[in-house]
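J.: build me a structure from this.
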Amino acid sequence: MEKEIKLDLQAARKPRCATLAIGTLPHRDPVEAVEFMLRHNPECPSWPQLPLADFREGMYVQYAEGMPAVVIEPEKKRIRFDTEAAPEALADFYERLFAGEWDFLAMGGDFARGLGPFLERLPLDGARYTKGQVTGPASFGLTVTDANNKPILYHDDLFEAVVQALAAKGRWQEERFLEAAPGQVPVIFFDEPYLTQVGSAMISLPPQQVVEALNTCFSAVEGLAGIHVCGGTDWGLLAGTKADILHFDAAGYAQEFLIYEQELAAFLERGGIIGWGIVPTSEAARAASADELAGRVAEMAEKVASFGGGLDGDEILERSFISESCGAGTLSPELAEHCFRLAAETAAILKNERW
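T.: Prediction:
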């Protein structure tokens, strides 16, 4: 994918604790969900994923349009790949992809109801970024299967096409963002919930395969590319990828992140950004205060500064986003509102103390 967009990424690497959202919301009305996102994330607005609105808004089927040999059955709420149809489908897929025909990988309104209304609201006064998201290749490849329930990750030819399609989905979003808001830097996250299983005896997931697939996706993005994992994982491995942003569950898995001292130092030294998912997306958020959460982030930033990388705690906070720990799609609307408001209050405290 040839890159043609020119962006000032040096300034973009200093979010100064702007808030962002992982993507999922419990809303069913897309316009209402878009307004919610814009209200709570004014510097880095994101389009909302609405899994409760329709099966096709689920995090796997949502990105399946245009993939070769994919079979989507909304009435059965099922997605699978037809391996018998794969050879012919793969040939057609690559012919169109290499010809630059991107439209067949576009995200339609039935699969992303919030995307169209979101684009219509751009550009947004005061916004520095525009965020989108894609399901990461490892999670997609291990979750979606063939007709015999064999994960598609273990079909080499099909999985490679899946990786290319997911990368293209990220680039397609970025192009739409720049058309609608050329002054806002695109931020594209690849969400990888399944990477909490890296190293598990239950799953054969070679680390090098993870890195190569993710780097294909990250390389398709001209703006900032991020990865979100909603639990413990091998952050040392992920810090060595081409990701610009590492977003982790700082509310529940801080220690699992902070043990990778050398890798995080190297990541920051090359310009990396940390996304602190400090607000728990659970009932635990009700007992938390913004002062407490801001203090925890500041303390962790100082700890990360001690790893090396040439930055002090304040400079690390300059290279930080603040958010909820994960998506809010399973929460009640009232609890989602509370979590997002708490993230904004936490970010405001950190900003006011330093800038």
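J.: phi, psi for residue 185 please.
T.: phi -80, psi 130 (degrees, to the nearest 10).
J.: return the residues in contact with the closest residue to it other than its chain neighbours.
T.: Nearest-residue entry for residue 185: residue 12, 4.3 Å, with adjacent residues in sequence omitted and distances by CB to CB, 6 or more residues apart in numbering. Yep, even glycine has a C-beta here, placed from its N, CA and C like the rest. Counting by CB atoms under 8 Å, 6 or more residues apart in numbering, residue 12 touches 128-129, 185, 223-224.
J.: got TSV for the residues you listed, with distance to residue 166, neighbour count and secondary structure too?
T.: What follows is the contacts of residue 12, written out as TSV (distance: CB to CB, whole Å; neighbours: other CB atoms under 10 Å; DSSP: H, G, I helix; E, B strand; the rest coil):
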residue	distance to residue 166	neighbour count	secondary structure
128	26	19	coil
129	21	23	strand
185	21	26	strand
223	16	23	coil
224	17	25	strand
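J.: tell me the one of those residues nearest residue 332?
T.: Relative to residue 332, the closest of these is residue 129; by CB to CB it sits at 27.9 Å.
J.: so who does the closest one touch?
T.: 12, 15, 18, 20, 43-45, 184-187, 223-224.
J.: mind checking how far it is from residue 35?
T.: Distance from residue 129 to residue 35, counting by CB to CB, to the nearest Å: 18 Å.
J.: how about the lengthiest helix in the chain: buried residues?
T.: Ranked by number of residues, the top helix in the chain under DSSP state H is helix 156-180. In terms of neighbour count (16 or more other CB atoms under 10 Å), helix 156-180 has its buried residues at 158-174, 176-178, 180.
J.: among the contacts of residue 129, which are in helices?
T.: Using DSSP H, these in helices are residue 12.
J.: can I get the contacts of residue 129 in JSON lines including pLDDT and distance to residue 265?
T.: Formatted as JSON lines, the contacts of residue 129 follow (pLDDT from 0 to 100; distance: CB to CB, whole Å):
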{"residue": "12", "pLDDT": "97", "distance to residue 265": "21"}
{"residue": "15", "pLDDT": "98", "distance to residue 265": "20"}
{"residue": "18", "pLDDT": "98", "distance to residue 265": "23"}
{"residue": "20", "pLDDT": "98", "distance to residue 265": "24"}
{"residue": "43", "pLDDT": "98", "distance to residue 265": "27"}
{"residue": "44", "pLDDT": "98", "distance to residue 265": "25"}
{"residue": "45", "pLDDT": "98", "distance to residue 265": "31"}
{"residue": "184", "pLDDT": "98", "distance to residue 265": "30"}
{"residue": "185", "pLDDT": "98", "distance to residue 265": "25"}
{"residue": "186", "pLDDT": "98", "distance to residue 265": "27"}
{"residue": "187", "pLDDT": "98", "distance to residue 265": "23"}
{"residue": "223", "pLDDT": "98", "distance to residue 265": "24"}
{"residue": "224", "pLDDT": "98", "distance to residue 265": "20"}
